[in-house]
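following is a predicted model, sequence given first.
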Amino acid sequence: MIPKYIVIHHTAVSYRKNPDQWKATNQYHKDKIWGYKNGKPIKTPISSLGYYGGYNYEIAAKGTIMQFRRDGEETVAQYQKNMNNGQAISICLDGYFDIEEPTPEQYEACKKLIIQKMEAYNIKPENIIPHRDLATLKSCPGTRLPDNLAQYFGIVPIIKKEPASFTLEHPTGTPAKRASVLARIARQRVVQKVLNLIAKEK
Ligand SMILES: [Zn+2]
């Protein structure tokens, strides 16, 4: 499936305790029983890359990125709204962001990874969401990270198109074209002034 969302998580274990947690995550998800179906335990499926880690990516404190699952592959990261079916790329950062902030290396690595995936799959900035948007009982990825993750990672100004008024006020093209646009803006302003005057007279 082509991913449409990026969901951000934290491990909720401080990177001061363990700065590189992917092995722990892999083991945890390997052992984990998610529930029972017809009396049989529901276990984490092994990924096409041979791992049990339920996220697509996990980022250590030093900024190194571990890939557990291919983009678009089934995850065990967020059970809500069918978000494990490959429509979301799940990125988990090592750390407990109720009490600490991502390291600068983690922040940069995550930002780069997000931008790369946005470009690869045409993912909208508003579709970069914290896990807690889906699971309201959780704080994941931590209370110190805001809801607007596109803004937090400095992605919105890169992606956002300049407003139309800005391009109008700063026309580009040949000098003749620029002059004609500027003349049109000037005419519009005169018309607006006259309309304002008429409105006042009424
Ligand atoms: Zn989470």
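Received the coordinates, thanks. Predicted, not measured: the structure shown is a model, and the values here were computed from it.

how close does the most centrally placed residue in the chain sit to Gln116?
Centroid-nearest residue in the chain: Ile128, 2.7 Å away (criterion: Cα atoms, centre = their mean). Look at Ile128 and Gln116: by Cβ to Cβ, to the nearest Å, they are 13 Å apart. (C-beta placed from N, C-alpha, C; glycine too.)

try Gly86
Look at Gly86 and Gln116: by Cβ to Cβ, they are 18 Å apart.

same question, Cys140
Distance, Cys140 to Gln116, by Cβ to Cβ: 23 Å.

re the thing from before, out of Gly86 and Gln116, which sits in the busier spot?
Shown here are Gly86 and Gln116; by other Cβ atoms under 10 Å, Gly86 has more neighbours (19 against 10).

pLDDT at the nearest residue to Tyr107 once chain neighbours are set aside, what is it?
Nearest non-adjacent residue to Tyr107, counting by Cβ to Cβ, 6 or more residues apart in numbering: Phe153, 7.4 Å away. Phe153 is assigned 96 on the pLDDT scale.

Asn18 and Thr25 touch, don't they?
No: here Asn18 lies out of contact with Thr25, judged by Cβ atoms under 8 Å, at a distance of 10.2 Å.

off-centre distance for stretch 124-143?
The gap between where stretch 124-143 is centred and where its chain is centred comes out at 9 Å by Cα atoms, centre = their mean, to the nearest Å.

shaky segments in the chain?
With pLDDT under 70 as the threshold, the chain has low-confidence stretches at 157-172, 185, 201-202.

please name the residues that touch the residue nearest to the centre of the chain.
Contact analysis of Ile128 by Cβ atoms under 8 Å, 6 or more residues apart in numbering lists 5-6, 8, 114, 118, 149-150, 153, 155.

just Asn122 next, same as before
Applying Cβ under 8 Å, 6+ apart, no residues contact Asn122.

how close does it sit to Ser90?
Going from Asn122 to Ser90 by Cβ to Cβ gives 18 Å.

before we move on, what about Ala24?
17 Å.

which parts of this structure sit against the ion?
Residues of the chain lying close to the ion by Cβ under 5 Å from the ion are 9, 131, 140.

drop anything exposed from those.
9, 131, 140 (16 or more other Cβ atoms under 10 Å).

now the last one. Nearest residue, chain neighbours left out?
The spatial neighbour of Cys140 that comes closest, neighbours along the chain excluded (Cβ to Cβ, 6+ apart), is His131 at 3.9 Å.

so what does the one you found look like in phi/psi?
Torsion angles at His131 (phi, psi; degrees, to the nearest 10) stand at phi -50, psi -40.

cheers, nothing more for now.
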